[in-house]
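Undergrad: Please find the sequence and the predicted model below.
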Amino acid sequence: MSRIGKNPVTIPSGVNVAVAGQVVTIQGKLGKQSLTLHGEVTAAVENGKVVLKPRSMSKRARALWGTSRALINNGVKGVSAGFTQNLEINGVGYRAQVEGKNLNLQLGFSHDIKYPIPEGIAMKVGEKQTTIAITGSDRQKVGQVAAEIRALRKPEPYKGKGIKYESERIRRKEGKKK
């Protein structure tokens, strides 16, 4: 029995969920998302909640049951409240600016890096140009964009220079001794 899958997804006010066969469409104030469920899981909207059930009790069906419930829950949260991932830039001269549809990053290389902002994602740079807030309705897309930006200059363990997640803690190493 899936502990996550058996809990129904509550639909908040202002969000519409439609189930047509294996396609779940979620629409809210922040956008619209569509999710195709695996064939071993069924979904239905009952009393303002999305209820998922496996077609059989095989191990694969039970695993997909919990996964599908989590994906639908993320979609409902995304179109109603949205997701945010914050990045911090550490290093002398390291900074970021949003210029139109691009994020311009100065990360100590000989050239600036222009990162195109994908559709459905909004970026906001802090006042000191050392923080980036990535927001969107699709949790996977927000996390992927944050990971791609972080990969441009990962934090190094000696001085902590680079781009890191706000909640990330860098394990520091001791430098050379005389």
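TA: Received it, and whenever you're ready, just let me know what you need. Everything numeric here is computed off the predicted structure, so don't read it as measured data.

Undergrad: which ones are touching residue 108?
TA: For residue 108, the contact set (CB atoms under 8 Å, 6 or more residues apart in numbering) comprises 91, 93, 94, 153, 161. To be clear about C-beta, it is placed using only N, CA and C from the backbone, and glycine gets the same treatment.

Undergrad: Could you pull out the strands in the chain for me?
TA: Here the chain has its strands, by DSSP state E, at 9-10, 16-20, 23-28, 31-36, 41-46, 49-54, 83-90, 95-99, 102-106, 113-116, 121-125, 131-136, 162-165.

Undergrad: List the buried residues in the third one.
TA: Same thing as strand 23-28. Going by neighbour count (16 or more other CB atoms under 10 Å), the buried part of strand 23-28 is 24, 26, 27, 28.

Undergrad: before we move on, the earlier item: and the contacts of residue 108, which are buried?
TA: 91, 94, 153, 161.

Undergrad: Low-confidence stretches in the chain?
TA: 1-2 (pLDDT under 70).

Undergrad: Can you report how many residues neighbour residue 39?
TA: 10 (other CB atoms under 10 Å).

Undergrad: From residue 65, how far out is it?
TA: Distance, residue 39 to residue 65, by CB to CB, to the nearest Å: 12 Å.

Undergrad: give the contact list for residue 11.
TA: Contacts of residue 11 (CB under 8 Å, 6+ apart): 17, 45, 48, 49, 50, 76.

Undergrad: Can you select the buried ones among those residues for me in ChimeraX?
TA: The ChimeraX selection below is limited to those of the contacts of residue 11 classed as buried (16+ other CB under 10 Å):
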select :17,45,50,76
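
Undergrad: ok, how many other residues are close to the spatially closest residue to residue 73 that is not a sequence neighbour?
TA: Leaving aside its chain neighbours, residue 73 sits nearest to residue 9 (4.9 Å; criterion: CB to CB, 6 or more residues apart in numbering). If you count neighbours by other CB under 10 Å, residue 9 ends up with 23.
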